[in-house]
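# the sequence isn't on hand, but the structure is:
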């Protein structure tokens, strides 16, 4: 989502980092460029003005300008201001669901937003997250009687997520559906109730009256605005409108994996004062993650999010499988089937692009990555190549002569060069793993990278 902003801010701050000394004029020039970058990212003008003013006040201090590394100090100030803009201390605990469930059951969560923002899908994602993370019994109810098949859509998603949905009664108005959901939740012992309200193409009085009536009848503990990250400048008016009329407790951003410029995230938090609690990064039902201001600020400035990457790995990689793979690698038994398994795990973690975006310093390498065509399609091509091999070929790449490679390329819709490239990468990986196995832990620590032949003259 922040790719464009990351690239521009990275270039600006990199120039500051290289300066041995900074003058007030240097800081002013850099902040003017930061202002333009934020405006181009669709951040609201009042938010940009406030951000630049606060950053300038802190960056112009004598302690910064006379520092041994003034460029680094300014970068830290920009980072801290971004964290504050995105929510500062709103960070959630590691195993949090992303929402506050600390209330008497059934805890009511009201989902509001415009039509097309991904509200129904987000409701199902949140229901699954609460069920899995908090081990709570969840009931979902669709109050959307405006959009054809909206109630059925939530029912289908509920079956996929194995989260209970309120049975549909044709012709029942939204307020009555909400009351029926509350009655069912109390009688059947549900811990949480998610109410998916109807949306409109724009904010109108009928929509607000309907949502307000449901709010008054159900007394929600959380009222979450589901907003499309690609909304741009309109996101500010949207958030302000719902907050004034209904009262929000938080925001959920959807489609953050798209090409949105990121202004919505920066603007809505600053204008409403309400925390961004969750963000949807894909169509799958498990593609919902907490919004951590510190980590997002790090991603924007190209500092990466190693903690987030480790958490994703912990969620998707089975410890037993990882231990088996490590043992095979030490014995030199790593084969193409194991590589295919690793590629599959990579996709589970959100794909190559998602992982790359969490690596430190990646902002400055965006152009090189684009030129190298390192993307999720490359992973899919590699998987297709492995799948086109026979079981014997996957277990012994030495069988892959020219005619076999030609057959594999034709079967996977790739070229012989693609097959050769994958085989070469696999052989290099296998060789490195064998060397690591021979060195052992002590040997690896003693010899370092030189023990693997890295940096050794050839």
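Perfect, thanks for sending it. Model, not experiment: these values are computed from the prediction. Numbers count the residues shown, from 1 in each chain.
# report all helices and strands that the particular helix or strand that has residue 183 in it contacts.
Per DSSP states H and E, residue 183 falls inside helix 174-188. Here helix 174-188 is seen to pack against strand 138-142, strand 192-196, helix 205-218 when contacts are counted using 3 or more C-beta pairs under 8 Å, 6 or more residues apart in numbering; DSSP states H and E. C-beta here means a position set from N, CA and C on the backbone, and glycine is covered the same way.
# and the next helix or strand past the last one?
On the C-terminal side of helix 205-218, the nearest following helix or strand under DSSP H and E is strand 222-228.
# contacts for the following helix or strand past that next one?
For strand 222-228, the following helix or strand on the C-terminal side (DSSP H and E) is helix 234-245. Helix 234-245 has contacts (C-beta atoms under 8 Å, 6 or more residues apart in numbering) with 44, 112-114, 203, 208, 211-212, 225, 227-228, 231, 248, 251, 263-264, 267-268, 271-272, 274.
# for whichever helix or strand comes after helix 234-245, which positions count as buried?
Next along the chain after helix 234-245, taking DSSP H and E as the criterion, comes strand 250-254. Judged by neighbour count (16 or more other C-beta atoms under 10 Å), strand 250-254 contains these buried residues: 250, 251, 252, 253, 254.
# stretch 151-164 now?
Neighbour counts over stretch 151-164 (16+ other C-beta under 10 Å) mark 151, 153, 154, 155, 157, 158, 161, 163, 164 as buried.
# returning to what we had before: possible to save the buried residues of strand 250-254 as CSV with distance to residue 397?
Putting the buried residues of strand 250-254 into CSV (distance: C-beta to C-beta, whole Å) gives the following:
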residue, distance to residue 397
250, 51
251, 50
252, 46
253, 44
254, 43
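# tell me where the stretch 1-150 of the chain has strands.
Secondary structure of the stretch 1-150 of the chain by DSSP state E, counting those that start in this stretch: the strands cover 107-112, 138-142.
# who wins for proximity to residue 197 among these?
strand 107-112 (5.4 Å; C-beta to C-beta).
# got the contact list for the closest one?
Contacts to strand 107-112, defined as C-beta under 8 Å, 6+ apart, come from residues 99, 101, 119, 122-123, 126, 182, 191-197, 199, 211, 214-215, 218-226, 242, 246, 248.
# any stretches of the stretch 101-250 of the chain with poor pLDDT?
The model of the stretch 101-250 of the chain has pLDDT under 70 over residues 232-233.
# would you point out which residue is most central in the protein?
Ranked by distance to the mean C-alpha position of the chain (C-alpha atoms, centre = their mean), the top residue is residue 281 at 4.8 Å.
# the helix or strand encompassing residue 156 packs against which elements?
Secondary structure from DSSP H and E places residue 156 in helix 150-161. Under the contact definition 3+ C-beta pairs under 8 Å, 6+ apart, helix 150-161 sits against helix 119-133, strand 138-142, strand 164-165.
# that concludes my questions; thank you for your assistance.
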